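> Sequence and predicted structure, then a few things I'm wondering about:
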Amino acid sequence: MNNNDTKPQQRFLALDTSTASLAVSVMEKDKLLSEVNTNADRNHSVHLHSVMAQALAEAGVGMDQIEGIAVGIGPGSYTGIRIAVTAAKTLAWANHISVVGISSLHALAWGGLESGWDSASAEKGTHWVIPLLDARRGQVYTALFAASVERQEEAPVRIEADGIRLMQTWVNTIAERISRLPEEERPVCIWFVGEVDLHAETARQLEPGFENRVHIHPYSLEGRWMGYLGAARLLSGEADDLHTLIPNYTQLSEAEANLLRKR
């Protein structure tokens, strides 16, 4: 008998409640077993446990077979983030398993880009991915990542940290960053993904010089991308401290907050 046949598989649960989408997935190592994604008007506290149970049942896995949990820590909905983080920490403590916190924006960027690539021919070269979650009053939760179709199986690489920013200031910052790069190092395409509808007009300010290569792509987070990012950390032996893992309650920079107060 092959000894590998007797070894238990490494199975992980991933969950995120930081956006309008309640996203849950079950992984076996780095392979997706199941995912359930619902949009319940952000009433995630009511549905989280039943959605987790559904995802586990569809994967044919019991909670006693889960060896690690990945949870989206935001940034995003202040109340929403806490629901998943609290549930993940409780499950990890009760089952004596590892937990890792994952950037919800990283998962949003990866899933949004893959979704966009499915509906448009992807140009070779570096693509910049800008995930957006609306934070009201002209603000967005956002970050900046880079990816390429040549390395499509890999997660986008972070360029700028997660944060809450004024959308207009953020677009100006990105434009300035591009202008400082040599021509050969500039992105071939720019993707705004996520909750883009309210901010599309501002995003299009980057179109001069990019012709039809600024893509504004609505996208709701899917559990698989949280699962892939979480599995990568858990399989490498990483784990966050159960007691100090907290949501990312990001804040505006002082300069942006002052500007907002003057409006």
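Yes, it's here. Numbering: from 1, shown residues only.
> What helix or strand is the residue nearest to the spatial centre of the chain located in?
Centroid-nearest residue in the chain: residue 107, 2.3 Å away (criterion: CA atoms, centre = their mean). For residue 107, the host element (DSSP states H and E) is helix 104-119.
> Parallel or antiparallel, list what pairs with the helix or strand just after that helix.
Next helix or strand after helix 104-119 toward the C-terminus (DSSP H and E): strand 126-136. Applying DSSP bridges to the sheet, strand 126-136 is found paired with strand 139-148 (antiparallel), strand 189-194 (parallel).
> can you redo those as JSON lines with mean pLDDT and distance to residue 102?
Quick note: C-beta positions are derived from backbone N, CA and C, even for glycine. Output for the strands paired with strand 126-136, formatted as JSON lines (pLDDT from 0 to 100; distance: least, CB to CB, whole Å):
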{"stretch": "strand 139-148", "mean pLDDT": "97", "distance to residue 102": "13"}
{"stretch": "strand 189-194", "mean pLDDT": "97", "distance to residue 102": "16"}
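> follow-up on the earlier one: and the helix holding residue 107, how far out from the chain middle?
Offset of helix 104-119 from its chain centre (CA atoms, centre = their mean, to the nearest Å): 8 Å.
> Next: stretch 113-131.
Remark: stretch 113-131 is offset 15 Å from the chain centroid, using CA atoms, centre = their mean.
> buried residues in that stretch?
113, 114, 115, 116, 117, 122, 126, 127, 128, 129, 130, 131 (16 or more other CB atoms under 10 Å).
> quick one: contacts of that stretch?
The contact list for stretch 113-131 (CB atoms under 8 Å, 6 or more residues apart in numbering) reads 105-106, 108-110, 112, 141-150, 152, 156, 159, 174, 185-194, 203, 213, 215, 217, 219, 225.
> Residue 239 and residue 233: what is the separation?
8 Å (CB to CB, to the nearest Å).
> Overlap of the contact sets of those two?
With CB under 8 Å, 6+ apart as the test, residue 239 and residue 233 both reach residue 100.
> before we move on, back to that, so the residue nearest to the residue nearest to the centre of the chain when sequence neighbours are not counted: helix, strand or coil?
Of all residues not flanking residue 107 in the chain, residue 225 sits nearest, at 4.1 Å (CB to CB, 6 or more residues apart in numbering). Per DSSP: H, G, I helix; E, B strand; the rest coil, the secondary structure class of residue 225 is helix.
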